[in-house]
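Visitor: I'd like to go over a predicted model; first the sequence, then the structure.
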Amino acid sequence: MSGFDWIVPVILTVITAATPLVFAGIGELVTEKSGVLNLGIEGMMLVGAVSGFIAATLTGNYFLAVAAAALAGAVMAFLFGILTLSLMANQVATGLALTLFGVGLSALMGQEFVGTPVPALVQLNIPGLSDIPFVGPILFAQDALVYLSFFMVAAVSWFLYKTKAGLILRAVGDSHDAAHSIGYPVIGIRYLAVMFGGAMSGIGGAYLSLAYTPMWAENMTAGRGWIALALIVFATWKPGLVLVGAYMFGGITILQLHAQAAGLNVPSQVLSMLPYLATILVLVLISKDQSRIRKHAPACIGKIFHPAA
């Protein structure tokens with residue numbers, strides 16, 4: 001039983017560390033499947049985190065808080081869409097600018113709320129099931145956003161591969177000229193995909209400020225937006241592997257925290273680098289198999305669509 005007492009809290013903390021990555025990753029996957037590369041995940045997550053936190057503080061309603069975070073992320077993504085889809089700005093440069101804008105905007109919005117705690121999201125304990133040793137706390141005593149993250153992975157997978165709308169979205173990402181030639185509104189579809197990605201990033205940010213560490217602090221995403229971007233390549237644009245990758249990186253994050261708590265004789269700065277070092281290592285290993293990337297990556301990703309062409 002002592003083994004259970006040790007391992008269950010570790011698994012629970014891995015879940016909390018992975019959940020924001022799942023939301024951000026699955027949103028960016030849909031965005032990239034439409035042929036758009038949005039590097040502004042970090043900025044969208046931060047604006048979502050502060051918007052959700054402010055809404056929770058002012059109203060006490062966590063449903064409204066999550067909705068506010070999703071809306072804030074979608075608005076940020078809409079701005080990105082105006083610049084890249086309508087005005088045809090470079091997607092890489094605009095995404096980087098969106099991140100910088102989100103960092104500054106979130107700091108401005110949250111300056112009066114720094115360090116103010118709020119009650120964490122309530123766990124949805126299922127009577128009887130949540131009391132089962134080991135399995136109960138892990139599967140039946142999570143907050144609503146954890147369950148929502150799993151639902152979104154399944155829903156996105158079903159949408160992309162089992163529906164006509166998902167087929168159209170993938171067609172736009174693979175050949176926007178061909179999709180346009182048979183009458184599909186490429187720009188409109190990409191706007192919807194980009195805004196969905198922004199909404200998911202906003203919810204991922206809200207999870208950080210409402211559940212992971214229920215308070216607002218500037219730059220609290222701490223690079224998670226960039227890890228979410230790396231997850232897409234790691235997952236080769238497959239929703240199920242985004243979930244696997246998010247939990248792998250979440251586990252590495254928690255590993256460095258437990259190593260510090262255990263007093264491991266390694267500089268804390270080195271341990272804090274572990275998730276990012278793992279990200280770089282994974283990307284290096286995956287990049288060696290270029291054929292695999294070309295096979296699964298949307299062919300038009302990052303390319304500007306000219307309707308008149």
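Guide: Yep, it's here.

Visitor: can you give me the helices in the stretch 51-200 of the chain?
Guide: Assigned by DSSP state H, counting those that start in this stretch, the helices in the stretch 51-200 of the chain fall at 62-81, 91-109, 135-139, 144-162, 164-174, 176-181, 186-207.

Visitor: Please identify the most buried of those.
Guide: helix 186-207 (a mean of 27; mean count of other C-beta atoms under 10 Å). C-beta here means a position set from N, CA and C on the backbone, and glycine is covered the same way.

Visitor: Now do that helix: distance to the chain's middle.
Guide: 10 Å (C-alpha atoms, centre = their mean, to the nearest Å).

Visitor: Show the subsequent helix or strand relative to that helix.
Guide: The helix or strand immediately downstream of helix 186-207 is helix 224-234, counting by DSSP states H and E.

Visitor: For that next one, the averaged confidence score.
Guide: Averaged over helix 224-234, pLDDT sits at 91.

Visitor: Any idea which of the helices of the stretch 51-200 of the chain has the lowest pLDDT on average?
Guide: Looking at these, the bottom one is helix 135-139 with a mean of 85.

Visitor: and for that one, what are the contacting residues?
Guide: Under the criterion C-beta atoms under 8 Å, 6 or more residues apart in numbering, residues Val8, Ile11, Leu12, Ile15, Leu129, Ser130 lie in contact with helix 135-139.

Visitor: Of these, which is the most crowded?
Guide: Ile15 (19 neighbours; other C-beta atoms under 10 Å).

Visitor: I'd say it and Val146 touch.
Guide: Yes - between Ile15 and Val146 there is a contact at 6.0 Å, judged by C-beta atoms under 8 Å.

Visitor: Look through this structure and tell me its longest helix.
Guide: helix 2-33 (DSSP state H).

Visitor: Tell me what angle that helix forms with helix 164-174.
Guide: 70 degrees (axes from the mean of the first three to the mean of the last three C-alpha atoms, to 10 degrees).

Visitor: For helix 2-33, give the mean pLDDT please.
Guide: Mean predicted confidence for helix 2-33 is 87.
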